[in-house]
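K.L.:
no sequence for this one, just the structure:
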């Protein structure tokens with residue numbers, strides 16, 4: 001995948017994506033994989049970590065990636081807004097069930113993985129906390145941690161919340177497997193399968209040959225409380241490996 005300049009993405013038409021550069025940011029990697037599954041053509045620009053990204057911030061009104069835009073519509077960055085846009089653009093390869101009960105389940109599980117106070121939100125708090133507490137973090141990093149809700153009360157609950165969600169995901173997959181399905185909901189691929197596959201890197205990071213990120217950043221991803229690590233059931237990783245092999249480009253493009 002080739003990146004174009006921010007200005008090219010800002011001024012283009014069609015579908016555009018801004019991805020975190022060099023890092024397996026799961027929100028962006030899930031979006032990219034879903035776009036590719038839906039056979040949607042897109043132009044991509046890089047969000048550079050440690051850079052101000054002033055053009056992209058002024059355009060998108062958001063201090064992070066992914067950002068997605070379609071033609072002259074306003075750029076969007078929330079995971080659910082992006083999913084609904086992709087469903088509108090390629091409904092024939094839907095990742096949301098028509099059955100309303102199953103649809104609600106897909107959206108609920110996806111929120112528990114992607115959304116505010118969800119699995120990744122709490123994992124990020126646990127990842128950032130020791131860096132902030134060291135007193136050696138750059139002010140930009142400290143400000144980013146604050147922006148993502150890094151308060152003492154939330155940090156103190158973060159590991160327990162991750163364990164509860166991981167246990168719920170494992171129970172869901174086990175029930176599906178017992179019913180003869182290899183997916184989180186129903187008997188076919190849905191958005192939640194993509195989200196877990198991408199977000200699993202926060203709990204069981206793929207090796208360098210599949211996830212070629214900067215080596216100095218890998219310890220931040222792999223360091224976690226033993227109790228959290230123990231909650232990553234092999235069933236979850238088997239599901240990740242199956243979805244990654246079938247529906248993601250490997251090595252991951254970042």
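P.N.:
Structure received. Keep in mind the model is a prediction, meaning the values are calculated, not measured. Numbering: from 1, shown residues only.

K.L.:
OK, contacts around residue 62?
P.N.:
For residue 62, the contact set (Cβ atoms under 8 Å, 6 or more residues apart in numbering) comprises 75, 77. In this view, the C-beta of every residue, glycine as well, is placed from N, C-alpha and C.

K.L.:
and the gap between it and residue 229?
P.N.:
32 Å (Cβ to Cβ, to the nearest Å).

K.L.:
again, but for residue 88
P.N.:
Residue 88 sits at a distance of 39 Å from residue 229 (criterion: Cβ to Cβ).

K.L.:
name the helices or strands packed onto the longest helix seen in the chain?
P.N.:
Using DSSP state H, we find that the single longest helix of the chain is helix 152-178. Helix 152-178 is packed against helix 100-114, helix 119-133, helix 226-230, helix 234-247, with contacts defined by 3 or more Cβ pairs under 8 Å, 6 or more residues apart in numbering; DSSP states H and E.

K.L.:
what's the burial count for the spatially closest residue to residue 167 that is not a sequence neighbour?
P.N.:
Counting by Cβ to Cβ, 6 or more residues apart in numbering, residue 167 lies nearest to residue 231, which is 6.0 Å off, once chain neighbours are set aside. If you count neighbours by other Cβ atoms under 10 Å, residue 231 ends up with 20.

K.L.:
how near is residue 231 to residue 50?
P.N.:
31 Å.

K.L.:
Show me the helices in the stretch 1-150 of the chain, by range?
P.N.:
Secondary structure of the stretch 1-150 of the chain by DSSP state H, counting those that start in this stretch: the helices cover 6-11, 26-37, 54-60, 79-89, 100-114, 119-133, 139-147.
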